[in-house]
Structures are given as C-alpha cells and as structure tokens.
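1. Predicted model, plus sequence, below.
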Amino acid sequence: MSDRAPLDLAATDLAAPVVRLAGVTRSFEQGGVRIDVLRGIDLEIRPGEIVALLGPSGSGKSTMLQAIGLLEGGFGGKIEIAGVDASAQDSAGRTTLRREHLGFVYQFHHLLADFTAIENVILPQLIAGAGQEEAEARATELLESLGLGQRLTHKPSRLSGGEQQRVAVARALANRPALVLADEPTGNLDEATADKVLGQFLGLVRGEGSAALIATHNERLALAMDRVVRLHDGRLG
Ligand SMILES: Nc1ncnc2c1ncn2[C@@H]1O[C@H](COP(=O)(O)OP(=O)(O)OP(=O)(O)O)[C@@H](O)[C@H]1O
C-alpha cells in the first residue's frame, strides 16, 4: 500500500466557500462627516446555501452586496469569490470573477426595454461566449420554469411587475452563477406577488444548485431561507 495520501483536489475545490469576507469595511464621507457603514464584516457562504441578509433601512445591506458584487472600490478587508482573492485582482480580473461566478437581481428589474423577455436572458450568455442556439434553449428553459412560457417575446413594458422580476431572475441565473446576489428582489411588488415570485426564485436557485445572498426587510420571507444574518452597527450578528 502507498504511504502517500491520495490527492483530493476536486473535493477541496467543491468545498471552497462561494464567497468569504474577512474584516470588510466601508466608510463614506459626506459634508465633512465620516460614516462607518461596514465596520468589519466576516461571512462565508457555502455552495448551494441560501442566506437572508436582514437589517434596518440604512444599515448597509446594499453596500455589503456592492462589496461582493465587485463593481465598486473603496472597501477595506478581504473579499474572496470561489477561493480567489478579489482584492488582489485588477479591474479586468474582477470583471472575469463577476461574469464567471455572480448573478444579480435588484429591486427594480433593470431589463433592457428594447429587447424581449427571451432576448434579455439570451444576451448575458452571448456576452459570456455561449452560442445563439444554446443560449436560446437555456433562456427558454429558465423562463418556462418560471411560468413565462407564454411571455417569451413580450417586451418588459408589456409584462406585469411580477413577470418583469421573474425575467430578471432568469437573467441572473442564465450563466449558472455560483452565487446570486439579490437586493430586495421583491421589494417593489405587492405582498401576494412578492411571496409567489420569491418562492419561484428560491425554488429555481435550489434546483440550479446556486448559492444566494438575499437582502430583505421581510423577516417572514427570510425564514424560507437556509440561514439568516443580521446587519447591525456595521457588523453581522
Ligand atoms: N455613495 C454613498 N455616499 C455616501 N453615503 C452613502 C453612499 N452609499 C450609501 N451611503 C450611506 O450608507 C448607509 C448604508 O446605505 P445602504 O444603502 O447600504 O443601506 P441599506 O441597508 O441597503 O438600506 P435600505 O434597506 O434602505 O435599502 C446609509 O447611511 C447611506 O446613506
């Protein structure tokens, strides 16, 4: 028998957190006054884990999602995405990390007004290098699973608020992100529609095996997730 331990690289990679924050800080200065919004955030999210981010208005939920989304600078501490230290990357490296691993859903859908529902879901896949046929099949599958099979060629202005948000969910998942970041994804919808869309969103995220970090004010919706973290005084409790 060999005395060497077997290599277990695949298991190591699979076990890496999709995101790891260590001591993440962010301050803003306005009118000569400095506000420390994030005062040292530590967080790990495992593959496939769905985490609710709760906190009062102004506590820094959006700021924290922006940190992980790698779109803006100005953050202190360490942010790792899929085991890669994002803080050590240049802008092109951060863009690659974002495209390969992250999906985004916002409170307002931000769909492209001149494109149909299916085109809005195809486009990010083409940008990521997928072929037209493959991208179309994936977009159709996602939209059908969200109950939008009859809405594929509607433009956003011809969709209801709940339908628009479901297209935004399909778009966020189109490139099979390891982590979906969602900032009040149902905050713009009435309660019944919010429940329905969130239920479909969570079901799809689970089915796809993605992890998610979902900022919400809604304690009741948060209970449907795997874990709840609370932002208070710039730290997670
Ligand atoms: N670009 C900025 N310049 C100055 N202050 C900012 C900036 N962005 C955010 N802030 C401040 O940081 C704090 C946190 O804002 P943030 O939007 O992250 O909170 P939030 O928890 O997402 O709030 P809400 O639940 O109301 O959306 C607020 O006091 C806000 O005014």
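-> Happy to help now that I have it.
2. Please identify the residues of this protein in proximity to the ligand?
-> Residues of the chain lying near the ligand by CB under 6 Å from any ligand atom: F28, Q30, I35, V37, G55, S57, G58, S59, G60, K61, S62, T63. Quick note: C-beta positions are derived from backbone N, CA and C, even for glycine.
3. Where does G207 sit, in terms of helix or strand?
-> Take DSSP states H and E as the rule and G207 turns out to sit in helix 191-208.
4. before we move on, the earlier item: and which of the residues of the chain next to the ligand is nearest H154?
-> S62 (29.2 Å; CB to CB).
5. before we move on, back to that, tell me which strands and helices the helix holding G207 is in contact with?
-> Packing contacts for helix 191-208, counted by 3 or more CB pairs under 8 Å, 6 or more residues apart in numbering; DSSP states H and E, involve strand 50-54, helix 132-145, helix 161-173, strand 211-215, helix 219-222.
6. relative to helix 161-173, how tilted is the fourth one?
-> Using axes from the mean of the first three to the mean of the last three CA atoms, to 10 degrees, the interaxial angle of strand 211-215 with respect to helix 161-173 works out to 140 degrees.
7. Touching strand 211-215 from outside, list them.
-> When contacts are defined by CB atoms under 8 Å, 6 or more residues apart in numbering, strand 211-215 is touched by residues 18-19, 45-55, 61-62, 64-65, 68, 178-185, 202, 205, 222, 225.
8. Which members of the residues you listed are classed as buried?
-> Buried members of the contacts of strand 211-215, scored by 16 or more other CB atoms under 10 Å, are 18-19, 45, 47-55, 61-62, 64-65, 68, 178-185, 202, 205, 222, 225.
9. quick one: contacts for the residue nearest to the spatial centre of the chain?
-> The centre of the chain sits closest to L181, judged by CA atoms, centre = their mean, with a distance of 1.7 Å. Shown in contact with L181 (CB under 8 Å, 6+ apart): L65, I68, G69, L102, G103, F104, V105, A212, L213.
10. Quick check: the fifth one vs the ligand, distance?
-> It refers to G103. Counting by CB to the nearest ligand atom, to the nearest Å, the gap from G103 to the ligand is 19 Å.
11. Just checking: what are the partner strands of the helix or strand where that residue lies?
-> In this assignment (DSSP H and E), G103 forms part of strand 102-105. Applying DSSP bridges, strand 102-105 is found paired with strand 179-183 (parallel).
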